[in-house]
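# Sequence and predicted model, in that order:
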Amino acid sequence: MGMAEYDFNVSVEYTNGNNSYWIPTPPDEVEDLGHIGIIDIGDDQSEFEKIISLVHEIGHVIFNDKNLFKKHRRIPLFEESLAWHLGYDYALTNGIEINLEEYAERIELALQLYKEIK
Ligand SMILES: [Zn+2]
């Protein structure tokens, strides 16, 4: 948690429930608030789920920075997929090992749910 806050200048906080979110700070408030956004991690999740939630939301933070399409349009499923991918990369680079098979299962589930909600 602390490492992500330091690496990306975000604030990682716990929130009630089992959902996690990435809430970007509006650009004109970054200077005042001193961070580029908040990652809310649902506290009602297993340790494994908290970790992969954090990893996924970090993926959003990384991708948000590099997303060249966002000026033109948002492509939610594309952003979701890349967030899973980039977050995993970040975790691996920092020595956080996540079971790839379990992670892949979570990705599939999340993307499926995502399509159903849309
Ligand atoms: Zn996401």
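Nice, thanks for sending it over.

# so what's the residue of the chain positioned farthest from its centre up against?
No residue in the chain sits farther from the centre than Asp32, which is 23.0 Å out by Cα atoms, centre = their mean. Contacts for Asp32 (Cβ atoms under 8 Å, 6 or more residues apart in numbering) come out as none. The C-beta positions use only the backbone N, C-alpha and C, and glycine is treated the same way.

# tell me which element it falls in.
Using DSSP states H and E, Asp32 maps to helix 30-33.

# biggest helix in this protein, by residue count?
Here the longest helix in the chain is taken by residue count, with DSSP state H as the criterion, and it is helix 47-66.

# tell me the centre residue of the protein?
Closest-to-mean residue, the chain, Cα atoms, centre = their mean: Glu57 / 0.7 Å.

# Trp22 is in contact with that one, correct?
Yes - Glu57 is within contact range of Trp22, at 4.5 Å (criterion: Cβ atoms under 8 Å).

# Against which helices or strands is the least confident helix or strand in the chain by mean pLDDT packed?
Ranked by mean pLDDT, DSSP states H and E, the weakest helix or strand in the chain is helix 2-8, scoring a mean of 83. On a contact count with 3 or more Cβ pairs under 8 Å, 6 or more residues apart in numbering; DSSP states H and E, helix 2-8 meets strand 11-15, helix 47-66.

# Below-threshold pLDDT in the protein: ranges please.
Residues of the chain meeting the criterion pLDDT under 70: 1, 118.

# Quick one: name the residues of it near the ion.
Glu80, Ala83 (Cβ under 5 Å from the ion).

# buried ones in stretch 6-17?
Phe8, Val10, Ser11, Val12 (16 or more other Cβ atoms under 10 Å).

# Now do the shared contacts for Glu57 and Trp22.
With Cβ under 8 Å, 6+ apart, Glu57 and Trp22 have common neighbours Ile39.

# sorry, back to before: please work out which of the helices and strands packed on helix 2-8 is packed deepest.
For the helices and strands packed on helix 2-8, the largest average neighbour count (mean count of other Cβ atoms under 10 Å) is found in helix 47-66, namely a mean of 19.

# What is whichever helix or strand comes after that helix packed up against?
Remark: after helix 47-66, the chain's next helix or strand is helix 76-93, criterion DSSP H and E. When contacts are defined as 3+ Cβ pairs under 8 Å, 6+ apart, helix 76-93 packs onto helix 47-66, helix 100-117.
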